[in-house]
Every structure is written in structure tokens, then in C-alpha cells.
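*Asks:* I'll drop the sequence and a predicted model, then ask my questions.
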Number of protein chains: 2
Amino acid sequence: MSSARNTAARGRANSRSAAVPAYKALYEQLRSGILTGQLAAGTRLPPSRTLATETGLSRNTVLAAFEQLQAEGYIIGRQGSGTYVADLLPEQLLATSEPPNRLAAASPPSAVTTAKLSARGERLALARRVPLPSVLGREPRGTSFLIGLPALDAFPFETWGKLYCERLRKSGPRLMRYDDPAGYRPLREAIAGYISTARGIHCLADQVIVTSGSQQALEFCARILLDPGDAAWIEDPGYLGARAALVSASARIIPVPVDENGLDVTAGQALEPNARLAAVTPSHQFPLGHTMSLERRLALIDWAGRNDSWIVEDDYDAEFRYLGRPHAALMAIDSHQRVIYVGTFSKVLFPSLRLGYVIAPPDLVDGFLAAHLSTDMHAHVIDQAVVADFIEQGHFARHLRRMRVLHRERQQQLVRLAEPLSENLRLAPSDGGLHLVGWLADHRDDRAVAKATLRQGVHVWPLSTHYLRSEAKPAILLGYAGTTAEDMRRGIATLSAVLS
Amino acid sequence: MSSARNTAARGRANSRSAAVPAYKALYEQLRSGILTGQLAAGTRLPPSRTLATETGLSRNTVLAAFEQLQAEGYIIGRQGSGTYVADLLPEQLLATSEPPNRLAAASPPSAVTTAKLSARGERLALARRVPLPSVLGREPRGTSFLIGLPALDAFPFETWGKLYCERLRKSGPRLMRYDDPAGYRPLREAIAGYISTARGIHCLADQVIVTSGSQQALEFCARILLDPGDAAWIEDPGYLGARAALVSASARIIPVPVDENGLDVTAGQALEPNARLAAVTPSHQFPLGHTMSLERRLALIDWAGRNDSWIVEDDYDAEFRYLGRPHAALMAIDSHQRVIYVGTFSKVLFPSLRLGYVIAPPDLVDGFLAAHLSTDMHAHVIDQAVVADFIEQGHFARHLRRMRVLHRERQQQLVRLAEPLSENLRLAPSDGGLHLVGWLADHRDDRAVAKATLRQGVHVWPLSTHYLRSEAKPAILLGYAGTTAEDMRRGIATLSAVLS
């Protein structure tokens, strides 16, 4: 407590200039104290009245600073028992490339030193440290084991290029103007048709909003459905993109454990029953690869229906299932209209296309259109027309069938090649997806393994970066779908050398 | 005052459910009271302590509600004199298709009735009503006078298609993966080269961030440079996209009058000297078309330098200048590193491409990359490569030269065709751009004129929608660049019939 007072008192003395409001100076000082560890996790802050008296600030000012710190997740107010430093700081939600407890030392809060970005901008800038594995420098040496990549080497370039030029010739100027923020109408119709057959979701084209990949879909959900400080469940371990979208919306993130049946709904209810939103990957949990059981699906929908909460169903690679039929989508079995379905063409076509989509309950469509209008108007149009043609002319279904066979072959090849390493690397079987989880011996540091292989151009990815609270066992993710036979052999040889 | 108390008391009684925090219920009730006009503009709210006593809520709760209302621009706190209902509500900043004073009647606040979107989402959803003229239904009858469109009928489709297919063939898989959030490196280099020659800005490719059009660039600026409630100057009249981006970032918008020398810096300083950001269109003020004078440019830069404020320079159609040399960009003459330059390919190539760019001071680059990562990863890549090739192979310079000639011819044609209407429509001369302002007789209602012509498929645009506070005289914007000779004749005939 006394350190909170000291911090605050210094804050007043150092107040940058008259232009910085007093509450913001106090906010910055307290935040800095929290980040540097002077104010440790769980520390109870003095009551606002006390802090006001001791610093000579008005109570109003102190409350405003508390309000902002709380909205951003640095402190937590507990009804009737005061205000505490959070034990999971926003920076820890993002800066997963360093173990959380080394964060403060590794990265002094730059807001205090540079005062360039706004507080919101600073929080966002930390997302820069989220190690999105596929967003690489410009010349990765090979693509071995990159996660999130389909078999780009087998993409039908010629067909795609032909469709593109045809579209330009046939309807150039019409496709070059501004368009509907919801997306190119024939593509929305094609998506509605596809998703009905493939995922059992019967929706109108009016409910489909085309986005710039699933990342924009997730970010729109977070922005229009949550207010700063609203609680949101995410899977632990989970997808870093969902985490970044929620942090950028100033959501209070509640990591909920997952097991082989998917997100543990009971645990989520114990942690925060009133979360406004749950972001899940039920078809093929990212990164562990489990399918959410029907029981859990129903429990999740029931919870959302009773609480008026939202479920964001990120169905990122439902298309790649090699055994049996996929479960129906959550949206297909939800009678409460609480599910927003998120799909992407990144895996079934290619990631740099940056086209994904939302299927929204009718009441939410306007909110998504508004998000588009104020952020980027709409997605690029000519490629949308090409995707629509690609689907309508049957190329898409054909491509998916070929990719399912090829990806499955590559999975089997990986399993075969990795067999000699089985003492050091236990591959978990999976009936779908684009990557496998390879469990390491308990004493291994998966980040160190990833670093060592990366030095030789091989991109295995440490599982531990995906954990927030649950205990992580060391493992690496091996993307096989986008890895050619040759790259795979080279990658396994490198990995073998690193592990032994 | 008593109505504020009644509103608040009802708020407590109706509190939706235990899950809605008390401060939010109060917030919603007060907001609803403000929107329906029960709490009129300029009304002084009771002191928080009084309101707390009278409603039985804690003072803390009341302050939290005030805080949110203030951050969103519904109320304004005046040092030492209390809290007042703002006279320019967030909804009025967006819903410009109806005159502000008819807003409350026209659109009951849907948050209160549906409780679907978050408060932030509701605020954003109002942006849906911003009448962006070029975002049309799918089948506009002709493109006559649409603003913001270049001569798409003269676009070199074949060259573009050829480059696209060549790129696919030569480097397909490399261009199909995830890429750098800053954009495709060769395009960033091409932009840096172009902007140095064309606009006198000497920057490194590292300072260039490719965005999804200038709209995303503006939205990123608002998000990473402002916190909710921070003041931002915009031009009055001004660009609706800039306004939407700032509202979506919960900025407090300060409309600053413009005259024939551009934004009135002295007026801005009188209105809000401590604004954190000024969004301007100095090359060719949108929508009036004036060029900001050198004196004003220097005054603006000086203000920003002294205040550590940011200038967002939206240089949206600097390329289309038909007489004389353009002024150097603000960024080129700013020695304080306070300018962020925003450019777009929407006008020089085509709008549906959705590619624009930011040139940022080096310290801000990370913030922009973070915004990209959490919102959409990066812009679509193949088209970026095509634009880079288009520039490097000289097609871009050639296309620009042709477009300058063609656009100028179309401007002259419009002036000729409109001459017989001069009693009812006075075209303001302009030395550049893509549209002309046509002043109507003082008694005319420009929205009514626009509605009447639209019924016949002719898209003139009412100038008054671009005004917030300054007094608007009736005028229409006539986009000539994207209008063919035939459409122009038809459009003028329609307009002539409507005006006489």
C-alpha cells in the first residue's frame, strides 16, 4: 500500500505537462508501478478517498484513474473489499514470447518514456509482440512446419488467374467501384449455400458479412459486442489472434481450461459466470485439436442463452477432417440466436487472400456493417468475385477434395518420419486439421527448441505460448499441410539433431 | 435538473437485470434521456453527490456513469462549473442524413430497446446511417456524378490482368502465405519512391504501412493516437469517413471552420487548443476543394509542435491537379515529426482495390503494425505485388498522365454543359480533384434536390451533409471524373428539370 502511495505521489510531482490531465498522470504512474512490479499482483490499493487525501488530488481524479486501470485490466474491484492489482496483466495477455514473470524486466512500459501513442495505442502496440508464427520476415527459408498454411504448392494458379482475367474483362468497371460494406452479393450467396451444405447452418445471404480474414471477424465481434472491461472467455490454451482481438477491445480476458472435450463450460462458469462473450474453436480446438463434445456444446449454448451472452464460433479448419463426419456447427444447433459463426478462406484457398466471413444473427448485421464502414468500408471486390466464380463453377469443391487427400497424406508422412524420434517427440494423433501437436519430454523448454530449430530455417512452434493460466506441458506444433515432402524430411532431420 | 433526477430514478427501478452494473443502467437511462430530448443540450446535470443521494446509488456509481457519458461525448465537464449535456451529440456526428434537431424523433436509441450490441457497438452502428455516397446498392443506374470515382472506363484492364497472372505464375506460393503486417516490401519501396518524387516526402520504406484504403489508415490513426474522450479537430465541412473513424474511436470531435485557405487554425485554437489530433485535407480540401495556404500550413504545424499534437494529412487526390504545381505536403515541411501522411490508390487506380498507405514518423510504425496485427493481420498480398509491378514498370505514371488529361476534359465538359443552368446552379471553379461544388439558390434544400435527382438515377450529393456546426449554404457535389460524356449529358438534363 505504501508503495502505491509513493508511486502516486511521484506521479503528481512528475506530471508531464499541464496538457496531461491529472487522472492520466496518476493512471500512468500506477500502471508503471504495476508493470515494474513495485505494485505486485494481488496488492490491495488504498481506498480512493485515502489516496486522494495523501496525494492532494481530488477523489474524482483518483476514481477516474482507477476506472481506466480497471477497464484495461490492470486492477480489479471486488465488491465490498476494495481494489487489487490484477494477477494477469494486459501485457501478459499479449507478450507471450517471454514468460510472464520476466515481462516487467524485459519491457519497460514505453508509454512512460515515449508518450507517443495513446494509452489505447500503447496497449495495442504490445500486440506487436504476439508471436504470430506465420507472419514472418520476408524470406523464410522454406515453409517447413509453418502452422496455418494449406498446401499452396498444389493451388490451381491457372484456373484462378483465368477467372480473375475473365472477371476483369466481363465486368471490370462495375467491380472497381465502392461496393456494399457487407460484401459482394454473389459471394455472400455462394457462402450461404456452401455453409448450409457443409456445416448445416441455414442462413440468408443477408446474414453473411465478408471480412478481411477471420481476424477482422473476431475483432469486429469484440468491438461491437463488448464494452471496455466486459469479461470474455477464451480457450486456454487458445488462438493468439482471438486473444489479440479481445485485448484490443479492452475486454477482461478470462482464460478457461480446455480438455479433450473442448472448453470446460463448468470451469468457465466458476471463473466468471457473467462473461459477455465466449470465443471458441469447437470443430478442432486450436491448438490442441480436440473436437468439442455434444454435451459441452449444449452446455455452452445453454449458458449463453440464460446469460444473454455471445458465442463466437471460430470454425477455422472444419473443412479438413479426415475421419468421420464433422459435428454440426454450434450455430446450427443454437435456438437462442447467441452464436456468431466465423469462417475463413485462408486455409481452404490461401491466407494472403485475406477473405473471411461472419454469419450473424439478423439483429447484429447492422453492427457489423457499421464496423466495416468506419474501419475500411468493405473487403476488396475483384477477388470476392473470383471466389464466387470459383465456388459456383465447382472448382472450390474439387479443390477441397484434393486438399483433403493431400493434407491427410502429409499428416501420415509426418507421423512416419517422426517415428524414429518417438522417445523425444510424441505426436498426438488427430483426425483433422493442418498441424499436429508433438509432446516433448517434461524437462524440455519448448521455446528453446523452437528457437534452436528456427536458426536452421525450420518453423516448429512452442505450444506454451498459447497458455495463459493452465499449466503448460512442453510441446511443439508441427504444421504439415503446407510442408512439401522434401521440406518435411529436412525439417525432421533438423528437429532430430536439436532434440538429441 | 429534475428531469435528470427522474430519468436516473427510473433507471434504478428498471435496471434490466442483476447482471447489468448499476453504473451502466444509470448511463443508459441518462443517455436515453439526452437522446430523446428530455435532457436538452446545455442542461446542467445535478452534482454527482446530489444525484447519488437522491437516487440511492453510491457516488462512485454516479461518477462512473458520468465518466462513460463524458468519454462518449454526451456530456461535458466544465472545470469548476459542473457537468452539462453536450450540444453536439455523438449520434449527430454520424446521422447526418437527417438534420440534427430531428434526430431524436427519427431514431429512438436502440440500445435501450434491443440490448443487443454493446454501448460501443451501438455508437458504431449509428455510423451505418452516415450516407457514404459511393457505397451504393448493387445496381446503380449509371454512375453519373458519383463522387470519389476516377474514370474507371479508361482503366487499363488488360495490362492489370496480365500483371496479375504473371505474378501468380512467377511467385504464386510465395505471395499466398501470410506476409509482413506492414505490407509487401517491394510495394512499400515503390510507394516511398513515388511519394518522394510526387510529394517531396523523403521517407524510408520502413515508414510505409500498407492499409485497406485510406479509411483504415484514418481509423488506425484515431485508434492508436487517441484515447476515448480525447479532442480531435476535423474540418467543417469535412470528409465523412474521417468523422466516422474518429467517432468509432470515441474521440471528442471539434468541428473547425474552413475557408478558402483551408482549416482555420486560429478558430481551432479558440475552440480547443489542446486537441490531440487534427485531421485535414490540405491539398484539396474535401468537399470544398480549396488548397490550404502556406501560412495556414505553417500555423498548423507550429500548433502541433507546441502541443505535441498529431496532424493526419489525408492527401486523397493530390494527384489530380490540372493547373500549376501542388504545394509540398505538410509532412514534407514538418520538422517536428507530428504529421502522419495518408495516401490511397482508390482514386489513382480504383476504389474496390482497397489499398492505401500511411507514412508514419518512425516512432509510430510499431503502433500501426500492432493495429494491423490485431485487426486484420495485413492487406491482401497479390494485388499489392501487382501495384508494385504496375508502378515499377511505368504503367502507373502513364496511367496518371492519361487520367489527368481525361479528368480535366470531363471537368471542362461539365462546366460547358452546366452553363445554361447558371441561374440555378453556380459551379465553383477548381484547379483539381474529381468533383465540383455547384452552389444552389439560397432558398433551395440541397438534400431535397439530391433526393429528386436520385429518383432518376443521377447521383448529385448534398453539401450540407458535410457540415456539423458552420452555417451551410445549399450546394451539390458533382463528381465528373467517373462520369462518361453520355451519363453527364443525361445527368445535366435531369438536374435541369429538377432545378427549374
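*Replies:* Arrived safely, thanks for sending.
*Asks:* what comes up buried for stretch A:72-88?
*Replies:* For stretch A:72-88, a neighbour-count test (16 or more other CB atoms under 10 Å in any protein chain shown) marks A:72-77, A:83-86, A:88 as buried. The way it works is simple: take the backbone N, C-alpha and C, and place the C-beta from them, glycine included.
*Asks:* worst-scoring helix or strand of chain A, pLDDT-wise?
*Replies:* helix A:103-106 (a mean of 28; mean pLDDT, DSSP states H and E).
*Asks:* next, residue A:437: secondary structure please.
*Replies:* Following DSSP: H, G, I helix; E, B strand; the rest coil, residue A:437 is assigned to strand.
*Asks:* what about it, how many residues nearby?
*Replies:* 20 (other CB atoms under 10 Å in any protein chain shown).
*Asks:* that one contacts residue A:477, correct?
*Replies:* Yes: Residue A:437 is within contact range of residue A:477, at 6.1 Å (criterion: CB atoms under 8 Å).
*Asks:* anything in contact with each of the two?
*Replies:* Shared contacts of residue A:437 and residue A:477, defined by CB atoms under 8 Å, 6 or more residues apart in numbering or on different chains, are found at A:287, A:463.
*Asks:* how many other residues sit next to residue A:456?
*Replies:* 16.
*Asks:* right, and it touches residue A:494 too?
*Replies:* Yes: between residue A:456 and residue A:494 there is a contact at 4.8 Å, judged by CB under 8 Å.
*Asks:* common neighbours of those two, please.
*Replies:* With CB under 8 Å, 6+ apart as the test, residue A:456 and residue A:494 reach no residue in common.
*Asks:* nearest to chain B among the buried residues of stretch A:72-88?
*Replies:* Nearest to chain B, judged by CB to the nearest CB, of those is residue A:77 at 9.4 Å.
*Asks:* my guess is that closest one is in a strand, correct?
*Replies:* Yes: under three-state DSSP, residue A:77 sits within a strand.
*Asks:* and the helices in the stretch 51-200 of chain A?
*Replies:* Along the stretch 51-200 of chain A, counting by DSSP state H, counting those that start in this stretch, helices occupy A:59-71, A:90-94, A:103-106, A:110-114, A:119-125, A:157-176, A:185-199.
*Asks:* worst mean pLDDT among these?
*Replies:* Among the helices of the stretch 51-200 of chain A, helix A:103-106 carries the lowest mean pLDDT, a mean of 28.
*Asks:* helix, strand or coil for residue A:316?
*Replies:* Applying three-state DSSP: residue A:316 is coil.
*Asks:* then residue A:486?
*Replies:* Residue A:486 is classified as helix under three-state DSSP.
*Asks:* could you check how far it is from residue A:386?
*Replies:* 30 Å (CB to CB, to the nearest Å).
*Asks:* between those two, which is the more surrounded one?
*Replies:* Ranked by neighbour count (other CB under 10 Å), residue A:486 and residue A:386 place residue A:386 first, with 26 against 10.
*Asks:* what is the mean pLDDT for the helix or strand containing that one?
*Replies:* Element membership of residue A:386, judged by DSSP states H and E, is helix A:381-392. For helix A:381-392, the mean per-residue pLDDT is 97.
*Asks:* that helix vs helix B:381-392, what angle?
*Replies:* Between helix A:381-392 and helix B:381-392, the angle comes out at 140 degrees (axes from the mean of the first three to the mean of the last three CA atoms, to 10 degrees).
*Asks:* what residues of whichever helix or strand comes after helix A:381-392 count as buried?
*Replies:* Following helix A:381-392 in sequence order, the next helix or strand is helix A:395-418 (DSSP H and E). Of all the residues in helix A:395-418, those buried under the rule 16+ other CB under 10 Å are A:395-396, A:399-400, A:403, A:407-408, A:410-411, A:413-414, A:417-418.
*Asks:* any idea how far residue B:457 is from the closest residue to residue A:297 other than its chain neighbours?
*Replies:* Spatial nearest neighbour of residue A:297, excluding adjacent residues (CB to CB, 6 or more residues apart in numbering or on different chains): residue A:330 at 5.8 Å. Look at residue A:330 and residue B:457: by CB to CB, they are 44 Å apart.
*Asks:* chain center to the top strand by length along chain A, what's the gap?
*Replies:* Longest strand in chain A, counting residues (DSSP state E): strand A:252-259. Taking CA atoms, centre = their mean, to the nearest Å, one finds strand A:252-259 lying 13 Å from the centre of the chain it belongs to.
*Asks:* contacts only, for residue A:229.
*Replies:* Residue A:229 neighbours (CB under 8 Å, 6+ apart): A:70-73, A:250-252.
*Asks:* which one of those sits in the busiest neighbourhood?
*Replies:* residue A:251 (29 neighbours).
*Asks:* what pLDDT does that one get?
*Replies:* Residue-level pLDDT assigned to residue A:251 equals 87.
*Asks:* same question, residue A:342
*Replies:* 98.
*Asks:* where's it, which helix or strand?
*Replies:* strand A:339-344.
*Asks:* what helices or strands is that strand leaning on?
*Replies:* helix A:185-199, helix A:213-225, strand A:310-314, helix A:330-333, strand A:356-359 (3 or more CB pairs under 8 Å, 6 or more residues apart in numbering or on different chains; DSSP states H and E).
*Asks:* the helices in the stretch 401-500 of chain A, which residues?
*Replies:* A:446-454, A:485-499.
*Asks:* where does chain A have low pLDDT?
*Replies:* A:1-20, A:79-80, A:87-115, A:126-143 (pLDDT under 70).
*Asks:* domains in it, by residue range?
*Replies:* Domain ranges of chain A: A:2-90, A:152-156+A:397-499, A:158-393, per automatic domain parsing.
*Asks:* thinking again about what came up before, give me the subset of the buried residues of stretch A:72-88 that also touch chain B.
*Replies:* Among the buried residues of stretch A:72-88, proximity to chain B is found for none (CB under 8 Å from any CB of the partner chain).
*Asks:* nearest to residue B:311 among these?
*Replies:* Distance to residue B:311 across the buried residues of stretch A:72-88 (CB to CB) is lowest for residue A:72, with 27.2 Å.
*Asks:* so that closest one sits against residue A:119, correct?
*Replies:* Yes: the pair residue A:72 / residue A:119 is scored as a contact, 7.4 Å apart, by CB under 8 Å.
*Asks:* what about stretch A:223-237, distance to the chain center?
*Replies:* That offset, for stretch A:223-237, works out to 11 Å (CA atoms, centre = their mean).
*Asks:* more neighbours, residue A:330 and residue B:457?
*Replies:* residue A:330 (26 against 15).
*Asks:* export stretch A:281-293 as CSV, just CAs?
*Replies:* Taking C-alpha atoms only, stretch A:281-293 is exported to CSV below (Å, rounded to 0.1, in the frame of the first residue of the first chain):
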residue,chain,number,x,y,z
THR,A,281,-13.0,-23.3,-31.8
PRO,A,282,-15.3,-26.3,-31.4
SER,A,283,-14.6,-28.2,-34.6
HIS,A,284,-11.0,-28.6,-34.0
GLN,A,285,-9.7,-26.8,-30.9
PHE,A,286,-6.8,-24.6,-31.6
PRO,A,287,-4.1,-25.5,-30.8
LEU,A,288,-4.8,-29.0,-29.2
GLY,A,289,-7.0,-30.3,-32.0
HIS,A,290,-9.8,-31.8,-29.9
THR,A,291,-13.4,-31.7,-31.0
MET,A,292,-15.9,-30.2,-28.6
SER,A,293,-18.3,-32.9,-27.3
